[in-house]
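In: Attaching a predicted model along with its sequence, questions to come.
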Amino acid sequence: MDPFSYICVLTSIVLGLAVTRLVGGLGQLLQTRKRTPSYWVHTLWMLNTLLAVIIVWWVQYRWRHVERWTLFLFIWLLVEPIALYLATALLFPNEQEGEPIGNWRTHYYSMHRQFFALLALTFPLDLVDTLLKGWAYFRSFGLEYFGTQTLLFALCVTAATTRSARFHGAFAVFFFVFNTALLGSNLLRLM
């Protein structure tokens, strides 16, 4: 087994746990929908987080050409998956962790600060991650990459600090459309 494959096992496990948490949460929403109606913004952030996990997992494959691995680089590759896993844990706490969720809207706004702080963290981490792959690699993405990451970071910070249902709804839709377009453009490039 080459070093990259060995290292990716652990990052894939962490990201897999996040996917498991999100899919399990969706099952929980479906099972309890009659007694605890879902909140569309919360549900959309579940999908958004799932898309973010998929994108992070895909982007980590770009590390496959590294020949010399260090403990720092290994730990670095774990930071973003761990942040995303913790964000998923906020979206869907285990039933054993306390009272069952009685209102998903109330739950969403009770944890939105922590959730968006963790999500905001992923954007500067991605910038540094891209820079660690080399200056030429970083520059190949152009100014729009830096601008997009900065914008998404700012929107997450705003989401962490506001309880405006209108903002949260608009941001959830924007993030979904943006990431769906990003995934779609990557699929088209591969064909």
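Out: Structure received. Numbers count the residues shown, from 1 in each chain.
In: burial measure for residue 39, as a count.
Out: For residue 39, the count of nearby residues is 19 (other Cβ atoms under 10 Å). For every residue, glycine as well, the C-beta is placed using N, CA and C.
In: Next one: it from residue 103, what distance?
Out: According to Cβ to Cβ, to the nearest Å, residue 39 stands 8 Å off from residue 103.
In: where do the helices sit along this structure?
Out: For the chain, the helices defined by DSSP state H cover 3-32, 40-60, 71-91, 104-132, 135-140, 142-161, 165-190.
In: Not including adjacent chain positions, what is the nearest residue to the residue sitting nearest the centre point of the chain?
Out: Centroid-nearest residue in the chain: residue 52, 3.7 Å away (criterion: Cα atoms, centre = their mean). Closest residue to residue 52 apart from its sequence neighbours, by Cβ to Cβ, 6 or more residues apart in numbering: residue 84 at 6.1 Å.
In: Now for that neighbour: which residues touch it?
Out: Counting by Cβ atoms under 8 Å, 6 or more residues apart in numbering, residue 84 touches 15, 18, 49, 52-53, 56, 118-119, 122.
In: Residue 156 too?
Out: Here residue 156 is in contact with 116-117, 119-120, 123 (Cβ under 8 Å, 6+ apart).
In: where does this protein have low pLDDT?
Out: Scanning the chain for pLDDT under 70 picks out the ranges 95-98, 186-191.
In: Around the closest residue to residue 174 other than its chain neighbours, count how many other residues there are.
Out: Closest residue to residue 174 apart from its sequence neighbours, by Cβ to Cβ, 6+ apart: residue 155 at 7.6 Å. Neighbourhood size, residue 155 [other Cβ under 10 Å]: 20.
In: ok, residue 155 to residue 168 distance?
Out: 11 Å.
In: ok, now residue 137?
Out: 34 Å.
In: and what of residue 6?
Out: Distance from residue 6 to residue 168, counting by Cβ to Cβ: 40 Å.
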